[in-house]
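Asks: Dropping the sequence and predicted coords here.
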Amino acid sequence: MVKDIEDIVISTLSRFLIPFMQVFSLYVFAHGHSSPGGGFQGGCIMAAAFILMVIAYDLNEAKRRFREKALLIFCCLGVFIYVGTGFLCLLLGSNFLDYSILSKILPADPIKARYYGMAMIELGVQITVMAIMLSIFLDLVTKGEHEGALEEDV
Amino acid sequence: MFEYILSKYNYWMYIVIILIGFYAMMAKGNFMKKLIGMGIFQWAIIFYFMSIGAKKGASIHIVGGHGAAHTAVQAAEIINPLPSVLMLTAIVVAVATTGITLSVIIMIYKRYGTLDEDEITTPE
Amino acid sequence: MKKVLAFIALIITGALLVYGVKDFPKWADPNQPASLHVSPRYIEHALDETAVPNLVTAVLADYRGFDTMFETAVIFTAGMVVMMILRRPKKW
């Protein structure tokens, strides 16, 4: 339940904007190879969508959509995907982060395999940047007391 | 003389912004104002570095559009991609240091009850 | 007193910076040293070697992949440091 909505204009506008921003961040990440964009930019826009949810609505509403434990798992998952791709290239027989050897397991020639390797690491970068930005923001807003903010109205 | 000033006008602009941020970091007493000065300084450095990559009459660094045949790419017609790449890293570092500085300011306020530099550093 | 000292340091720094502009290349000069050594190689061969049209993504993720990996480690460490500074156990 969302209680004590203060401004009807901001809450109605953000109801339209927040899903659009989330889809737009995925679009910016996916088109990072042929137009300006990539991992860092998409992660920042996705974090901005959740921060808009905190600003326009209650803090508990945003924390209900994205729990703190899931946030911590996402932080580590991004770095794991990045280093895991490099380690996979090492296991297949080539140097660390040498994507052309990925043509052994992916259906592509060595030049196109570098394209897919770059897409994998950009996914890791986006997940990490999104989770860390949201985590820093929630820590600063609640002054570190995550459990206390759940009972009272912030 | 006038030619010399006019051909390097981007450097004069960035020097002014650097000096504004530097003054804010040194002379202001509130910690939040010092933090904003640090932010101005960082962004001036990022803009200066990215202005190095410009080339006269060149187009942006996305090549091979619309399924055209792979004609040879001339290096003099595409702007330099390297400063933009290095400044992506610098922007992320700026965000990280701003977040950590804000958390240190919160702890200072919890401990001393004030954010003024003179009241904190004078021994009572 | 503090503002007077700040102004003196400001004037000295400003003079040093203006003196250093003498050696800088002109704005948008195609023959400046930043565009001469390794940058033409990236521009000419990136599409043939990596099949990615965006040059910034090709350089960031493929040619300079190690820098981006440590960059991700830096942002991860910053998040951990903010958690370590601000969160305290309940009995404080």
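Replies: Great, that's in hand. Everything numeric here is computed off the predicted structure, so don't read it as measured data.
Asks: Residue C:58 versus the residue of chain A found nearest chain B, what's the distance?
Replies: Residue nearest to chain B within chain A (CB to the nearest CB): residue A:136, separated by 4.4 Å. Just so you know, the C-beta spots here come from the backbone N, C-alpha and C atoms, and that holds for glycine as well. Applying CB to CB, to the nearest Å, the value for residue A:136 to residue C:58 is 30 Å.
Asks: Next: residue B:47.
Replies: 24 Å.
Asks: Give the residue from those two that has the larger number of neighbours.
Replies: residue C:58 (27 against 14; other CB atoms under 10 Å in any protein chain shown).
Asks: quick one, what contacts residue C:52?
Replies: A:33, A:34, A:114, A:115, A:118, C:46, C:58, C:62 (CB atoms under 8 Å, 6 or more residues apart in numbering or on different chains).
Asks: Name the nearest residue to it, ignoring sequence neighbours.
Replies: Residue nearest to residue C:52 in three dimensions, not counting chain neighbours: residue C:58, with 4.5 Å by CB to CB, 6 or more residues apart in numbering or on different chains.
Asks: Am I right that the residue of chain A closest to chain B falls within a helix?
Replies: Yes: the assignment for residue A:136, made by DSSP: H, G, I helix; E, B strand; the rest coil, places it in a helix.
Asks: Does it touch residue B:99 like I think?
Replies: Yes: with contacts counted by CB atoms under 8 Å, residue A:136 reaches residue B:99, the gap being 4.4 Å.
Asks: Enumerate every residue touching the residue most central in space within chain B.
Replies: Most central in chain B under CA atoms, centre = their mean is residue B:43, positioned 1.9 Å from the mean C-alpha point. Going by CB under 8 Å, 6+ apart, residue B:43 touches B:17, B:94.
Asks: pLDDT score assigned to it?
Replies: Looking at residue B:43, its pLDDT reads 95.
Asks: where's it relative to residue A:24, distance?
Replies: Where residue A:24 is concerned, residue B:43 sits at a distance of 24 Å (CB to CB).
Asks: likewise residue B:26?
Replies: 41 Å.
Asks: quick one: buried residues of stretch A:83-92?
Replies: Of the residues in stretch A:83-92, A:83, A:85, A:86, A:88, A:89 count as buried by neighbour count, 16 or more other CB atoms under 10 Å in any protein chain shown.
Asks: can you tell me the helix or strand for the closest residue to residue B:42 other than its chain neighbours?
Replies: Once flanking residues are discounted, residue B:42 sits nearest to residue B:94: 4.6 Å by CB to CB, 6+ apart. According to DSSP states H and E, residue B:94 maps onto helix B:82-112.
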